[in-house]
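Colleague: Sequence and predicted structure, then a few things I'm wondering about:
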Amino acid sequence: MGLVHALCKRFSGKGIEYDELFSAGCLGLSKAINRFDESRDLQFSTYAFPVIMGELKRLFRDGGTVKVSRSLRELSLKAARLNSENLRENGAELSVSQLAQKLQVSAEKIVEALGSAKTPLSLTTEYDEDGNPQLDIPSPDIQYEITERLSLEQALNALDEQDRRLIILRYYKSKTQSETARLLGISQVQVSRKEKKILAQIRTLFQAAI
């Protein structure tokens, strides 16, 4: 296993995640174990080295576990070439619609082709000497978010109908104070004053709820 990790590290940072490299390396190790002939008076590590390397190189030839069709890969190269030419001549890359028009394909196909050319991002940032992930991307506390939403809903339900409608128009439907005033049949000054008062009331109710 130490040999697998050592060989995987040679290829790390070259577009394929370490987990994929390690899986390919383990496959090579398994093949080497099954095919090794002790009668040949050869050290196992000497025999396993090229077998593991072969699986790692095969992974790169196949483009990793994320497979991209040849036509999509060719379209990606054509789009990249057009972008480079336009950047050199005009100082800017072509838009998706311009690329689609020049290459006579749909905009959706261009987006797919450009996306296929990007290297996938790993969910881990670093690995230790054994290839184990050291730091994971933190995930948000969904339970806390749900609690906040429920508390806010309770605070809104405690308002009278017009005050609740004012807040919904301003903060859920993104209406301006003038638009809100017109819809509620009051002046913009009244909306401004009421909004400040209602927000203070919501804060109090919200804090009490949590």
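Modeller: It's in. Residues are numbered from 1 along each chain as shown.
Colleague: all helices in this protein, in order from the N-terminus.
Modeller: For the chain, helices defined by DSSP state H occupy the ranges 2-11, 18-35, 44-61, 70-90, 96-103, 107-116, 142-157, 161-167, 177-184, 188-209.
Colleague: which one of these has the lowest average pLDDT?
Modeller: Sorting the helices of the chain by mean pLDDT places helix 142-157 lowest, at a mean of 68.
Colleague: count of residues packed around Val191?
Modeller: Number of residues near Val191 (other Cβ atoms under 10 Å) recorded here: 23. Quick note: C-beta positions are derived from backbone N, CA and C, even for glycine.
Colleague: any idea how far Gly115 is from Ser192?
Modeller: Relative to Ser192, Gly115 is positioned 46 Å away (Cβ to Cβ, to the nearest Å).
Colleague: Quick one: residues contacting the residue of the chain most remote from its centre.
Modeller: The centre of the chain is farthest from one residue, Ser39, which by Cα atoms, centre = their mean lies 50.8 Å away. Not one residue lies near Ser39 by Cβ atoms under 8 Å, 6 or more residues apart in numbering.
Colleague: what's the answer for Leu75, then?
Modeller: Counted by Cβ under 8 Å, 6+ apart, Leu75 has contacts Leu103, Val105, Lys109, Ile110, Ala113.
Colleague: how about 7 Å then?
Modeller: Going by Cβ atoms under 7 Å, 6 or more residues apart in numbering, Leu75 touches Leu103, Val105, Lys109, Ala113.
Colleague: Return the closest of the residues you listed with respect to Glu74.
Modeller: Set against Glu74, the nearest of these by Cβ to Cβ is Ala113 (8.7 Å).
Colleague: Count the neighbours of that closest one for me.
Modeller: 24.
Colleague: Just to check, it is in contact with Leu77?
Modeller: No. Ala113 lies out of contact with Leu77 (Cβ atoms under 7 Å); the separation is 8.8 Å.
Colleague: Would you mind confirming that Asn86 is in contact with Ser95?
Modeller: No. Using Cβ under 7 Å as the test, Asn86 is too far from Ser95 to be in contact (10.0 Å).
Colleague: list the buried ones in stretch 29-41?
Modeller: By 16 or more other Cβ atoms under 10 Å, the buried positions in stretch 29-41 come out as Leu29, Ala32.
Colleague: Would you mind putting the CA coordinates of that stretch into PDB?
Modeller: Output in PDB follows, covering the C-alpha atoms of stretch 29-41 (Å, rounded to 0.1, in the frame of the first residue of the first chain):
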ATOM      1  CA  LEU A  29      -1.900  -3.800  -6.900                       C
ATOM      2  CA  SER A  30      -4.600  -6.400  -7.000                       C
ATOM      3  CA  LYS A  31      -3.700  -7.400 -10.500                       C
ATOM      4  CA  ALA A  32       0.000  -7.600  -9.500                       C
ATOM      5  CA  ILE A  33      -0.900  -9.900  -6.500                       C
ATOM      6  CA  ASN A  34      -3.000 -12.200  -8.700                       C
ATOM      7  CA  ARG A  35      -0.400 -12.400 -11.500                       C
ATOM      8  CA  PHE A  36       2.800 -12.600  -9.400                       C
ATOM      9  CA  ASP A  37       4.800 -15.700  -9.800                       C
ATOM     10  CA  GLU A  38       7.100 -16.500  -6.900                       C
ATOM     11  CA  SER A  39       9.100 -19.000  -8.900                       C
ATOM     12  CA  ARG A  40      10.600 -16.300 -11.000                       C
ATOM     13  CA  ASP A  41      12.800 -15.200  -8.100                       C
END
